[in-house]
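Participant: Predicted model and sequence follow; I will ask about them next.
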Amino acid sequence: MKDRDYKNIIEAMLFAAGDEIQPGRIAAALEIDNETVERLLGELREEYQGEHRGIMLRDMNGSWQMCTNPLYFENVRLLFEKIDNKNLSQAAYETLAVIAYNTEATRAKVDAVRGVNSGSSISTLADKGLIEEAGRLDAPGRPVVYRPSMEFYRAFGFKSLDDLIPVDIAAEGREEDPKVFPDDRVPLD
(Lines give C-alpha, C1' and ligand atoms only; values in the text may rest on other atoms or scores of the structure.)
Protein backbone atom coordinates (compact mmCIF):
# COMPACT_ATOMS: atom_id res chain seq x y z
CA MET A 1 0.00 0.00 0.00
CA LYS A 2 1.23 3.52 -0.79
CA ASP A 3 1.74 6.27 1.78
CA ARG A 4 -1.19 8.21 0.29
CA ASP A 5 -3.50 5.25 0.87
CA TYR A 6 -2.33 4.94 4.48
CA LYS A 7 -2.81 8.68 5.02
CA ASN A 8 -6.37 8.48 3.68
CA ILE A 9 -7.15 5.55 5.98
CA ILE A 10 -5.58 7.30 9.00
CA GLU A 11 -7.55 10.44 8.19
CA ALA A 12 -10.77 8.40 8.08
CA MET A 13 -9.89 6.72 11.40
CA LEU A 14 -9.23 10.05 13.12
CA PHE A 15 -12.44 11.51 11.75
CA ALA A 16 -14.52 8.50 12.80
CA ALA A 17 -12.98 8.39 16.27
CA GLY A 18 -13.78 12.03 16.98
CA ASP A 19 -11.46 11.89 19.97
CA GLU A 20 -7.73 11.49 20.41
CA ILE A 21 -6.09 8.22 19.32
CA GLN A 22 -2.73 6.76 20.26
CA PRO A 23 -0.49 6.07 17.23
CA GLY A 24 0.02 2.52 18.52
CA ARG A 25 -3.68 1.83 18.14
CA ILE A 26 -3.60 2.99 14.51
CA ALA A 27 -0.43 0.96 13.87
CA ALA A 28 -2.03 -2.18 15.31
CA ALA A 29 -5.18 -1.72 13.22
CA LEU A 30 -3.18 -1.19 10.02
CA GLU A 31 -0.54 -3.78 10.94
CA ILE A 32 2.33 -1.36 10.35
CA ASP A 33 5.01 -0.04 12.69
CA ASN A 34 4.55 2.94 15.03
CA GLU A 35 7.34 4.94 13.37
CA THR A 36 5.56 4.81 10.02
CA VAL A 37 2.28 5.93 11.63
CA GLU A 38 4.05 8.82 13.42
CA ARG A 39 5.72 9.88 10.15
CA LEU A 40 2.43 9.73 8.23
CA LEU A 41 0.60 11.69 10.96
CA GLY A 42 3.30 14.36 10.83
CA GLU A 43 3.04 14.56 7.05
CA LEU A 44 -0.76 14.83 7.25
CA ARG A 45 -0.45 17.62 9.80
CA GLU A 46 1.90 19.51 7.46
CA GLU A 47 -0.46 19.04 4.52
CA TYR A 48 -3.37 20.50 6.49
CA GLN A 49 -1.27 23.45 7.68
CA GLY A 50 0.04 24.17 4.20
CA GLU A 51 -3.43 24.31 2.72
CA HIS A 52 -4.96 26.48 5.50
CA ARG A 53 -7.83 24.03 5.82
CA GLY A 54 -10.75 24.13 8.22
CA ILE A 55 -9.42 21.13 10.09
CA MET A 56 -6.03 20.27 11.47
CA LEU A 57 -4.25 17.41 13.19
CA ARG A 58 -3.07 17.95 16.74
CA ASP A 59 -0.48 15.97 18.65
CA MET A 60 -1.55 16.19 22.28
CA ASN A 61 0.61 14.45 24.81
CA GLY A 62 1.31 11.52 22.49
CA SER A 63 -2.23 11.17 21.12
CA TRP A 64 -3.50 12.58 17.84
CA GLN A 65 -6.84 14.15 17.06
CA MET A 66 -8.55 15.83 14.15
CA CYS A 67 -9.63 19.30 15.33
CA THR A 68 -11.13 22.49 14.00
CA ASN A 69 -8.55 25.00 12.80
CA PRO A 70 -8.44 27.79 15.43
CA LEU A 71 -8.76 30.33 12.61
CA TYR A 72 -12.38 29.26 12.22
CA PHE A 73 -13.24 28.65 15.88
CA GLU A 74 -15.66 31.57 16.25
CA ASN A 75 -17.56 30.55 13.13
CA VAL A 76 -17.86 26.91 14.18
CA ARG A 77 -18.79 27.88 17.73
CA LEU A 78 -21.84 29.77 16.42
CA LEU A 79 -23.16 26.49 15.08
CA PHE A 80 -22.94 24.58 18.35
CA GLU A 81 -23.26 26.84 21.33
CA LYS A 82 -24.66 30.11 22.49
CA ILE A 83 -21.85 32.67 22.64
CA ASP A 84 -20.65 33.14 26.21
CA ASN A 85 -18.48 36.22 26.58
CA LYS A 86 -17.42 35.20 30.08
CA ASN A 87 -13.78 34.21 30.15
CA LEU A 88 -12.04 32.50 33.01
CA SER A 89 -11.48 34.64 36.07
CA GLN A 90 -8.02 35.52 37.30
CA ALA A 91 -8.55 33.06 40.17
CA ALA A 92 -9.42 30.28 37.72
CA TYR A 93 -6.30 31.01 35.63
CA GLU A 94 -4.16 30.94 38.77
CA THR A 95 -5.70 27.66 39.87
CA LEU A 96 -5.21 26.16 36.42
CA ALA A 97 -1.57 27.29 36.40
CA VAL A 98 -0.90 25.67 39.78
CA ILE A 99 -2.39 22.38 38.60
CA ALA A 100 -0.61 22.46 35.22
CA TYR A 101 2.81 23.44 36.55
CA ASN A 102 2.60 20.77 39.24
CA THR A 103 1.27 18.23 36.71
CA GLU A 104 -1.20 17.12 39.39
CA ALA A 105 -2.41 18.86 42.54
CA THR A 106 -4.95 18.54 45.31
CA ARG A 107 -7.22 21.38 46.34
CA ALA A 108 -5.11 21.78 49.50
CA LYS A 109 -1.98 22.22 47.37
CA VAL A 110 -3.71 24.82 45.18
CA ASP A 111 -5.02 26.63 48.27
CA ALA A 112 -1.53 26.62 49.82
CA VAL A 113 0.10 28.07 46.71
CA ARG A 114 -2.59 30.68 46.08
CA GLY A 115 -3.19 31.48 49.74
CA VAL A 116 -6.96 31.49 49.34
CA ASN A 117 -9.80 29.00 49.00
CA SER A 118 -9.79 27.61 45.46
CA GLY A 119 -12.88 25.41 45.62
CA SER A 120 -14.95 27.61 43.34
CA SER A 121 -12.17 27.89 40.76
CA ILE A 122 -11.61 24.14 40.77
CA SER A 123 -15.35 23.58 40.23
CA THR A 124 -15.40 26.07 37.36
CA LEU A 125 -12.38 24.46 35.70
CA ALA A 126 -13.86 20.97 36.12
CA ASP A 127 -17.22 22.15 34.71
CA LYS A 128 -15.46 23.61 31.68
CA GLY A 129 -13.54 20.35 31.26
CA LEU A 130 -10.11 21.97 31.64
CA ILE A 131 -9.13 19.78 34.60
CA GLU A 132 -10.10 16.27 35.58
CA GLU A 133 -9.76 13.96 38.53
CA ALA A 134 -6.57 11.92 38.40
CA GLY A 135 -7.37 9.82 41.45
CA ARG A 136 -7.19 10.21 45.20
CA LEU A 137 -4.29 10.48 47.60
CA ASP A 138 -3.77 7.77 50.16
CA ALA A 139 -4.02 10.31 52.98
CA PRO A 140 -6.62 11.30 55.57
CA GLY A 141 -9.81 12.35 53.84
CA ARG A 142 -8.57 10.79 50.56
CA PRO A 143 -8.30 14.17 48.76
CA VAL A 144 -8.95 14.32 45.03
CA VAL A 145 -5.92 14.88 42.80
CA TYR A 146 -6.58 17.08 39.74
CA ARG A 147 -4.65 17.22 36.48
CA PRO A 148 -5.01 19.10 33.19
CA SER A 149 -7.49 17.38 30.86
CA MET A 150 -7.21 16.79 27.14
CA GLU A 151 -9.53 19.80 26.73
CA PHE A 152 -6.85 21.89 28.46
CA TYR A 153 -4.37 20.87 25.75
CA ARG A 154 -6.90 21.64 23.01
CA ALA A 155 -8.04 24.96 24.49
CA PHE A 156 -4.54 26.34 24.97
CA GLY A 157 -2.92 24.72 21.94
CA PHE A 158 -0.39 22.71 23.92
CA LYS A 159 1.16 19.48 22.72
CA SER A 160 2.28 18.64 26.26
CA LEU A 161 2.97 20.37 29.56
CA ASP A 162 6.49 20.97 28.25
CA ASP A 163 4.92 23.76 26.14
CA LEU A 164 4.24 25.80 29.29
CA ILE A 165 6.48 28.82 29.82
CA PRO A 166 9.38 27.56 31.95
CA VAL A 167 9.13 28.58 35.59
CA ASP A 168 11.60 27.60 38.28
CA ILE A 169 9.19 26.22 40.88
CA ALA A 170 11.81 24.09 42.60
CA ALA A 171 14.86 26.33 42.84
CA GLU A 172 17.82 25.11 44.87
CA GLY A 173 17.44 25.83 48.54
CA ARG A 174 13.74 26.58 48.07
CA GLU A 175 12.81 23.96 50.71
CA GLU A 176 14.61 25.92 53.44
CA ASP A 177 13.84 29.36 52.00
CA PRO A 178 10.09 30.10 52.06
CA LYS A 179 10.43 33.31 50.00
CA VAL A 180 8.02 33.19 47.12
CA PHE A 181 7.73 36.83 46.13
CA PRO A 182 10.26 38.54 43.83
CA ASP A 183 10.81 41.35 46.38
CA ASP A 184 11.89 38.79 49.05
CA ARG A 185 8.69 39.07 51.09
CA VAL A 186 7.86 35.94 53.05
CA PRO A 187 4.28 34.66 53.21
CA LEU A 188 2.65 34.58 56.60
CA ASP A 189 1.44 31.21 57.86
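Facilitator: Okay, I see it.
Participant: quick one: pLDDT of the closest residue to G135 other than its chain neighbours?
Facilitator: With C-beta to C-beta, 6 or more residues apart in numbering as the measure, V145 is the residue that lies nearest to G135, at 5.2 Å, once sequence neighbours are left out. C-beta here means a position set from N, CA and C on the backbone, and glycine is covered the same way. The pLDDT attached to V145 in the predicted structure is 92.
Participant: residue contacts, V145?
Facilitator: Each residue near V145 by C-beta atoms under 8 Å, 6 or more residues apart in numbering is listed here: 104-106, 133-137.
Participant: ok, now with 7 Å
Facilitator: V145 makes contact with 104, 106, 134-137, according to C-beta atoms under 7 Å, 6 or more residues apart in numbering.
Participant: quick one, helices of the chain?
Facilitator: For the chain, applying DSSP state H gives helices covering 3-17, 23-30, 34-51, 73-80, 90-101, 107-114, 119-127, 150-156.
Participant: Correct me if wrong: F15 contacts M66.
Facilitator: Yes: F15 sits in contact with M66 when judged by C-beta atoms under 7 Å, with a separation of 5.5 Å.
Participant: out of those two, which sits in the busier spot?
Facilitator: Higher neighbour count among F15 and M66: M66, with 22 against 10, using other C-beta atoms under 10 Å.
Participant: What separation is there between that one and K159?
Facilitator: To K159, M66 is 15 Å away according to C-beta to C-beta, to the nearest Å.
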